[in-house]
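Student: After the sequence you'll find the predicted model.
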Amino acid sequence: MSQNNPSLIIPNVAKKKHLLPDIRLSVLDLLSFKLPKISALNMTFPSTSFFSSALPNLNDNFTRLKDLPVPAAPVVRMLTEETLQHLSDGAQSIQCPHIPGRIKS
């Protein structure tokens, strides 16, 4: 995936909320870093259900993101392959159809 696309840059506010481990963490601290669970749902969703043309909400969802499960590996693989096309088609934010309540960010 292209790192040159500004839509793929992680916002600073997300970095400050400790969603990702700091690159300066010791190995011991990295091993204790809380990773998200993988969704147990055995459902498949079309890639379009993960993208929205709505602007992202950068204000209040980042702390909640830490507790959301990530989609299963095949879904993540599909999204990795199709993200740039969805961005070209006008997607500006993501949704979580694998989560009840469809979180948008």
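Tutor: Received it, and whenever you're ready, just let me know what you need. Numbering: from 1, shown residues only.

Student: Give the buried residues for stretch 23-42.
Tutor: The neighbour-count criterion (16 or more other Cβ atoms under 10 Å) identifies S39 as the buried residues of stretch 23-42. Placement of C-beta: from N, CA and C, glycine included.

Student: And for it, what's in contact with it?
Tutor: Outside of stretch 23-42, the residues within contact range by Cβ atoms under 8 Å, 6 or more residues apart in numbering are P21, K66, D67, L68, P69, V70, P71, A72, A73, H98, I99.

Student: Check the spatially closest residue to the first one that is not a sequence neighbour and give its pLDDT.
Tutor: Spatially, and ignoring its direct neighbours in sequence, P21 is nearest to F33 (4.6 Å; Cβ to Cβ, 6 or more residues apart in numbering). According to the prediction, F33 has pLDDT 86.

Student: SS state for F33?
Tutor: Recorded secondary structure, F33: coil (DSSP: H, G, I helix; E, B strand; the rest coil).

Student: Over to it: give its phi and psi.
Tutor: Torsion angles at F33 (phi, psi; degrees, to the nearest 10) stand at phi -70, psi 130.

Student: V27 versus that one, what's the distance?
Tutor: 11 Å (Cβ to Cβ, to the nearest Å).

Student: From D29, how far off is I99?
Tutor: I99 sits 28 Å away from D29, taking Cβ to Cβ as the criterion.

Student: What of H18?
Tutor: In this structure, H18 and D29 are 11 Å apart, going by Cβ to Cβ.

Student: And for H98?
Tutor: Look at H98 and D29: by Cβ to Cβ, they are 29 Å apart.

Student: try R64
Tutor: With the distance defined as Cβ to Cβ, R64 ends up 23 Å from D29.
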